[in-house]
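> Dropping a prediction and its sequence here:
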Amino acid sequence: MAFANPSKTAPDPEFAARLLAWYDRHARSLPWRVSPSDRLNGMVADPYRVWLSEIMLQQTTVQAVKPYFASFARRWPSVNDLAAADTEDVMKAWAGLGYYSRARNLKRCADVVAADHGGRFPDTEEGLRALPGIGPYTAAAIAAIAFDRRAAVVDGNIERVFTRLFEIDTPLPSAKNEIRAAVHEVTPAERPGDFAQALMDLGATICTPKRPACVLCPLNEGCLARLSGRQEQFPVKPMKKEKPVRLGAAFVAERSDGAVLLVKRPETGLLGGMTGVPSTNWTVRADGATGARSAPFEADWRSKGVITHVFTHFELRLEIFHAVVTGAPDHEGWWSDSDSLPGEALPTVMKKALRAAFPALFRKGPA
């Protein structure tokens with residue numbers, strides 16, 4: 001098999017056939033996926049489960065998503081069930097998965113599909129992109145996997161595969177259009193959903209970032225990066241910028257009976273709509289106030305050290321203070337007892353803050 005940069009030569013007509021034959025033998029078993037054998041027996045993909053998995057998988061690993069997907073699918077087995085759910089319950093179920101705007105958009109999208117589309121997802125990329133939280137990649141993935149539409153699906157795994165196959169040396173993200181054009185050119189009209197999932201599996205299991213198993217790859221004969229011995233040099237990435245460090249403070253107020261004061265963060269912005277302890281107004285772009293003097297009300301605040309949490313675009317260093325308070329301080333929020341805390345919609349950074357005050361808390365939870 002031989003093929004070169006798709007902008008210069010036509011792709012091998014057997015490209016899709018070779019990849020699909022490999023997929024039929026080696027497809028990963030995933031809870032949201034219809035396997036090749038099940039598809040042969042007439043089973044079709046559930047658009048709701050495809051959509052749910054694709055939203056969860058954005059910037060998150062398959063292993064991290066599996067338990068969340070199982071929990072959501074069990075609790076809300078259809079898009080109409082999710083639309084009928086309380087938003088706070090959805091946020092609680094999402095807590096720990098990160099990138100919380102996805103959860104807010106997940107609920108909004110379910111509401112729109114239930115109210116405006118009779119509980120049925122649009123079956124085209126254009127129709128899907130009109131829904132909340134669905135961008136070009138997600139629309140293409142759902143259209144292909146759930147509805148067998150011929151769509152160019154390009155995630156991080158597929159970017160890696162194609163930059164190596166064709167030695168695309170344009171750095172990411174500038175190379176995205178070039179990669180998408182190459183994927184579009186080789187995507188078959190038949191089984192486009194399986195083709196997209198085959199590329200995902202190839203990148204996840206064979207064409208890995210380090211030490212790719214080229215000898216096992218069904219496309220290895222024509223891979224330009226393999227022929228030149230430069231597999232690990234692709235994809236080309238721009239130089240990493242050092243992440244800025246933001247400062248802030250968080251305050252764990254404990255009542256005499258052990259309950260903790262919690263507040264709901266604003267619906268917009270970082271960690272929007274999630275639950276946490278009172279904190280100063282740190283943002284992606286600015287520090288928040290620090291020190292015990294920035295506490296939301298007077299109490300005997302004691303330092304519990306500093307926690308560090310790395311977000312996508314910055315590192316947060318949060319001073320943690322703890323106080324046992326009496327009476328009812330003049331502050332919005334509610335008191336959550338120790339039995340209720342694990343069920344609150346707490347993002348990981350807030351679990352870290354609580355763990356700093358109560359080391360045994362969330363011991364088995366995410367770091």
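Everything's here; your move. Numbers count the residues shown, from 1 in each chain.

> Could you chop the protein up by domain?
15-233, 245-357 (automatic domain parsing).

> got CSV for those, with mean pLDDT, mean neighbour count and distance to M239 too?
Heads up, the C-betas are built off the backbone N, CA and C, glycines and all. As requested, the domains of the chain are exported to CSV (pLDDT from 0 to 100; neighbours: other C-beta atoms under 10 Å; distance: least, C-beta to C-beta, whole Å):
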stretch, mean pLDDT, mean neighbour count, distance to M239
domain 15-233, 96, 18, 9
domain 245-357, 92, 17, 16
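
> what about stretch 183-193, distance to the chain center?
Relative to its chain's centre, stretch 183-193 lies at 25 Å (C-alpha atoms, centre = their mean, to the nearest Å).

> Render the CA-only coordinates of it in CSV, please.
Extracted in CSV, the C-alpha atoms of stretch 183-193 (Å, rounded to 0.1, in the frame of the first residue of the first chain):
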residue,chain,number,x,y,z
VAL,A,183,-9.9,12.9,6.5
HIS,A,184,-12.7,14.0,4.3
GLU,A,185,-10.9,12.7,1.2
VAL,A,186,-10.6,9.1,2.6
THR,A,187,-13.9,8.8,4.5
PRO,A,188,-16.0,6.2,2.8
ALA,A,189,-19.7,6.6,2.0
GLU,A,190,-20.4,3.2,3.6
ARG,A,191,-19.8,2.7,7.3
PRO,A,192,-18.5,6.2,7.9
GLY,A,193,-19.3,5.9,11.6
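
> what ranges do the helices span in this structure?
Using DSSP state H, the helices of the chain run over 15-26, 36-40, 47-57, 62-75, 79-84, 87-94, 101-116, 125-129, 136-147, 156-165, 176-186, 192-205, 224-228, 348-357.

> Figure out which of these is closest to G258.
Proximity to G258 (C-beta to C-beta) singles out helix 348-357 among these, at 11.6 Å.

> what residues are up against A299?
Shown in contact with A299 (C-beta atoms under 8 Å, 6 or more residues apart in numbering): A253, A323, V324, V325, P329.

> Tell me the bridge partners for the spatially closest residue to the first one that is not a sequence neighbour.
Computed as C-beta to C-beta, 6 or more residues apart in numbering, the closest residue to A253 that is not its neighbour in sequence is L261, at 4.0 Å. On the basis of DSSP bridges, L261 takes part in beta bridges with W335.

> okay, how far is it across stretch 231-249, tip to tip?
Taking C-alpha to C-alpha, to the nearest Å, the first and last residues of stretch 231-249 lie 45 Å apart.

> Please list the members of the contacts of A299 that lie in strands.
Taking DSSP state E as the definition of strands, the contacts of A299 contribute A253, A323, V324, V325.

> Just give me the closest of these to D194.
Using C-beta to C-beta, those come closest to D194 at A253, 53.6 Å.
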